[in-house]
Every structure is written in structure tokens, then in C-alpha cells.
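1. all I have is the shape, not the residue letters:
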């Protein structure tokens, strides 16, 4: 549809006259460079569009064309291992955001296609009709877009992305498809979480676990290690597909993520970890409106792989920069500001984003999941600001990062006092069904020990630790051993960067057994000072012994320390 003309350009906001039949949120192309923009207001015959790109050179009188669709992502093979901007345009070669108007689709790439059913079969919507080998570490399936009879099916061969490989119910099926990023992809049923998402980070998997298909937020001030923690989760969590969204973060951090993922070996396949990762890089110097769209693009990609039966994880770093983009857009469009200038619908936007997490039965009958983990970067570390407080209402787990822990070089700096997990109870039941009935009790003992140690530490600062009774001094000692021997974890250690669930449980049991032996020694009359003078270095360093899955190396440490405690008099 053509005929519209630019009447005013105010930065990224552009007024257009004469373009009839256009709906809200529809994408239009501005001027000879075909700059992409989204319709954000319609008043009579005039509409206002927010450009996704730099509008330099755009002038009143330039022609405007409507695409006839909302902002949509081009989904297909070639996503895994790729780097894209907030609109899912490839960033290979020259940066797309520096080339105004580069909105056309990339040239067709050819892929192998192998049919999995025979022509004439009756398919449900979402049911696989073939697959594309070599499209990444996760199996790439071509799904039927609608229910119906498979009238035509291309033989195995090599096809371009836009070639028709099948017809189902009169609808053409290509290797690529398009989906509006702000509209959740449909599913047959929503399921309860079944099993944890293993992150490989002990403090999370032991104390604040997250279920597959759940959601978590990581709030923390500057320097508390948010990006490092999210990178560790991206590297080591047991998901099929990772979608890493760098939303408004520094470019050097995104470069580090790319370099690490390309160098790391995937423990599942032995190939590169990047081969099951999609990077959406929308750094702080890229256009604001594309930053706002990037989180929706990331979730849409995750839902695309979820519909193939995969478990996908979306890591958004950070949602605060996304909220700031919403605030800037609301200010430009004249919307009434709410708290701290954020738009009044910020809570609804956050809820809609995290609501797209879930474990579902797909239309094709598979079980897939999307887990969303978002970082929150409160200005000045103020945890009472709107984005942080609203996010806590909509997530299942909160991994709050503590500045004091970070300054003490305790990483991950997850606060055991300020974090929570609403998935802990159902996951405790899952562990019991899976053969580990001690999981909930172990977690409860660690949390109780840490809470009591924190309380006694406050008392000790006033009266001195030496004036406390012996059993309370053992609680302080136990809290230190748990913090340094279990919860602290080095991202730079080949042996400690990842920790399996079995090894984490063995480390906790080691520390708890040592603490119980210390309390028994005090009970039989051994002075607390004598126990405190004992060398517990082997307990603290046990996490560095052997590999991430080796639990046998911990038994000699336990036996040695318990024997030395038994000999005390």
C-alpha cells in the first residue's frame, strides 16, 4: 500500500499523512531507504510511526509504504549459532544498525530437507513433516502450519529457504516462516513444571531452584556480577536451545559472550556451545525502538524451538534497559508518566513478557518448554525502584545479588536472605519421586544454618564471638564453611565452573557432617576455641577436587576431618 507522505520528522518519531487502512503496531517503510518503523498512534488521517533505525536524511514529502503486517521475525534454519539485531536481522559483516534501510531479507540460503512422512497423510497443526539436518545442535523440524491433508511433499534434497517443500490443507510450507513477535505462539495445553532446570551453579540448584518452563529475575547493582552469572547459566544449563538477548548492554560484554560461546565445547554434543545458541545483540548504542523489540524477538525464537519439542532458555540482560526504552518511547509519544517516569502499563508489559514462559504440550503433541531469566539493573542499586519491585511479582524465582558479597569476592553473590524460589516445594516432590527424598531436608538445613549464622554474626559484632556459647560458635563456623565450601563457586576454574546435582549434594553433606561432628565435640566438653583452631582448609577446597561430576573424591576429605574431630579432647 503506497500513497503516504512524511510530514514531520522528530528524531525517531515520524508523522505521516495520506496512508489509509493502516492499523496500530503495523510496520511501515519510510523514504527511499525504506527505514522500518512501527505505527504507534493514529489520529484521524494522520499516523505517528516510531522508527527502528536512524532517521538521518529522512525529509517531509518522502513516500511511506505499509507492509501490511506487525513487526515479525523471520524464523527458520540458520538461527542457531547466529548473531542478530533486535529485529532478528543477521549482524554478520557490516553492522545492520549502521546501514539505514537494510530491512530486506537476506539472500536465500540452501538447506538439506528430509521428509519424515508420506504425501497423503493427515497432519495436525504443528506436527513435523520433515527435518533439516545440519541446522545446529538441536534438531530442526519443519512443522505443518495448519491441520489438513499433506497434498504435496518435496523429495529429500537441497532447497532454498523460500522454496515450497509441502502443501498442507492448501497452505504452502516453506523452510522459513514469519511470526509477529508480540503475539505468543499457540500451544495445545499448559503443563505444570516437571523437573528442575539444572544451571550448574550450586547456590541456585541447591537453595533457589528453577523449574523448566518457569521464570526468574536477577536484580543487582553495578559490579555485583549479573552478567557473569547469566553467562555461566548460558554456558552450563541443561537446555536444548539458549537464546541470549543483550538488551542495552555494553558492546564489549556481548563480544565476551560471543568469544566464550565459540570457544566452549558443548558437553552434550562435543561440538561448539554456540551451535545451540542464538545471540540477539542490541547494545546500548543501537536504536531505542529495536531494543524495546529485542526481548519479544528473543521469546519468539524460543517459542519457535519449543514448538519443535525442545527446552529453550531465554536470558535477557537486562530488562531494566528494556523498561528504560519503554519509558523513553512513552515520553516521546506524550503518554502520561507514572512512577519515576515509567509508563503506566509497565506492570502489564512485564507480566506479559514473563507469562510467555511455560512448559506446554505443543499443537503437534510434543512437550516443550520456555524458561525466562531476566537481569534487573536498578539505578544506584535501589531495590525499591519500579522495575525491580514489579518484576518480583511476576517471576517464580528471585536471585538477588548482594553488593557486600560481591565486594568480599564471594561469587556468585546471590543473597540467601534476599532471594526466594516458589518452585522449591514442587521440585522437592519431584526429587522425592526421582529417588532423592533427602533433597528438601538438605535444603532446609542449609537455609536454617545460614539464617542462624547471620543472626549470630550480628550479635557477635556487639559482644564478640568469644563470649558466645560453644554451640553458637559452631553455628558461626558452620555458616562460614557452607558459604566458602559450597555456595562460593569460581567461574574461572575448570573443575568448579560447573557442578552436577550429585556433586553439589555431596558437598553439602560433607559440610553438614563436619558441622554436626563439631557440635558433638562441643557437647562432650571440647572447648570451642580448640575446634575453631582446627584446619578446615580441606573442607573449603573440596569443591576444587576432581571433576564436576566426581563425588568419590570427597569421601577421604570427610573421613579425615571427622577423624581429627573425634580425637579432640
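-> Alright, I've got the coordinates. Owing to the predicted nature of the structure, the values given are computational and were not obtained by experimental measurement.

2. got the domain ranges for the chain?
-> When the chain is parsed with automatic domain parsing, its domains come out as 4-69, 189-408, 439-566.

3. next, format the ones you listed as JSON lines and append mean neighbour count.
-> No exception for glycine: its C-beta is placed from N, CA and C like everyone else's. Shown next, in JSON lines, are the domains of the chain (neighbours: other Cβ atoms under 10 Å):
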{"stretch": "domain 4-69", "mean neighbour count": "18"}
{"stretch": "domain 189-408", "mean neighbour count": "21"}
{"stretch": "domain 439-566", "mean neighbour count": "17"}
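
4. out of those domains, flag the one nearest residue 81.
-> Ranking those by proximity to residue 81 (Cβ to Cβ) places domain 189-408 first, at 5.0 Å.

5. how close does the closest residue to residue 41 other than its chain neighbours get to residue 192?
-> Counting by Cβ to Cβ, 6 or more residues apart in numbering, residue 41 lies nearest to residue 48, which is 4.1 Å off, once chain neighbours are set aside. According to Cβ to Cβ, to the nearest Å, residue 48 stands 43 Å off from residue 192.

6. ok, residue 112 next?
-> Look at residue 112 and residue 192: by Cβ to Cβ, they are 38 Å apart.

7. how about low-confidence regions in the stretch 51-200 of the chain?
-> Counting by pLDDT under 70, the stretch 51-200 of the chain shows low-confidence ranges at 92-107.

8. switch to 50 and redo it
-> 94-98, 103-104 (pLDDT under 50).

9. where do the strands of the stretch 51-200 of the chain begin and end?
-> 63-70, 72-75, 83-84, 110-115, 122-123, 128-132, 140-143, 148-153, 157-160, 164-168, 171-174, 177-180, 189-191 (DSSP state E, counting those that start in this stretch).

10. between those strands, which gets nearest to residue 7?
-> Among these, strand 63-70 sits nearest to residue 7 (Cβ to Cβ), with 9.7 Å.

11. neighbouring strands - and their directions - for that closest one?
-> Using DSSP bridges, strand 63-70 pairs in its sheet with strand 4-10 (antiparallel), strand 26-30 (antiparallel).

12. and the ones you listed as CSV, adding mean pLDDT?
-> What follows is the strands paired with strand 63-70, written out as CSV (pLDDT from 0 to 100):
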stretch, mean pLDDT
strand 4-10, 93
strand 26-30, 93
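
13. which one of those lies nearest to residue 234?
-> The nearest among those, by Cβ to Cβ, is strand 26-30 at 30.2 Å.

14. in this structure, where is pLDDT below threshold?
-> By pLDDT under 50, the low-scoring segments of the chain are 1, 94-98, 103-104.

15. for it, what's the longest helix?
-> When the chain is parsed with DSSP state H, its longest helix is helix 439-463.

16. hang on, residue 442 packs against residue 504?
-> No - taking contacts as Cβ atoms under 8 Å, residue 442 lies outside contact range of residue 504: 9.6 Å.

17. now do the shared contacts for the two.
-> Counting by Cβ atoms under 8 Å, 6 or more residues apart in numbering, the common neighbours of residue 442 and residue 504 are residue 206.

18. sorry, back to before: isn't the residue nearest to residue 41 up against residue 38?
-> No - using Cβ under 8 Å, residue 48 is not in contact with residue 38, being 9.9 Å away.

19. thought residue 315 was touching residue 302, still the case?
-> No - in this structure, residue 302 is not within contact of residue 315 by Cβ under 8 Å, at 10.0 Å.

20. circling back: what's next to the longest helix of the chain, contact-wise?
-> Contacts to helix 439-463, defined as Cβ under 8 Å, 6+ apart, come from residues 206-207, 416-417, 424-425, 427-428, 431-432, 468, 472, 475-476, 478-480, 482-483, 486, 505, 508-509, 512, 515.

21. one more: stretch 319-333?
-> 10-13, 40-41, 48, 50, 217, 247-249, 284, 288-289, 291-292, 294-295, 316, 337, 341-343, 346, 349-350, 353, 374-378, 386-387, 391.

22. if we can go back for a sec, and the next helix or strand past the longest helix of the chain?
-> The helix or strand immediately downstream of helix 439-463 is helix 470-482, counting by DSSP states H and E.

23. what kind of secondary structure is the most centrally placed residue in the chain in?
-> For the chain, the residue nearest the mean C-alpha position is residue 315 (2.0 Å; Cα atoms, centre = their mean). Three-state call for residue 315 (DSSP: H, G, I helix; E, B strand; the rest coil): strand.

24. tell me which residues touch it, please.
-> Residues in contact with residue 315 (Cβ under 8 Å, 6+ apart) are 230, 233-234, 242-245, 373-374.

25. adding distance to residue 20, write the strands paired with strand 63-70 out as JSON lines.
-> As requested, the strands paired with strand 63-70 are exported to JSON lines (distance: least, Cβ to Cβ, whole Å):
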{"stretch": "strand 4-10", "distance to residue 20": "8"}
{"stretch": "strand 26-30", "distance to residue 20": "12"}
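
26. nearest to residue 169, out of the ones you listed?
-> Using Cβ to Cβ, these put strand 26-30 closest to residue 169, at 27.2 Å.

27. just name whatever secondary elements the following helix or strand past the closest one is in contact with.
-> Going down the chain from strand 26-30, the next helix or strand is strand 35-43, by DSSP H and E. Identification of packing neighbours for strand 35-43 by 3 or more Cβ pairs under 8 Å, 6 or more residues apart in numbering; DSSP states H and E yields strand 26-30, strand 46-51, helix 319-333.

28. perfect, I'm done here.
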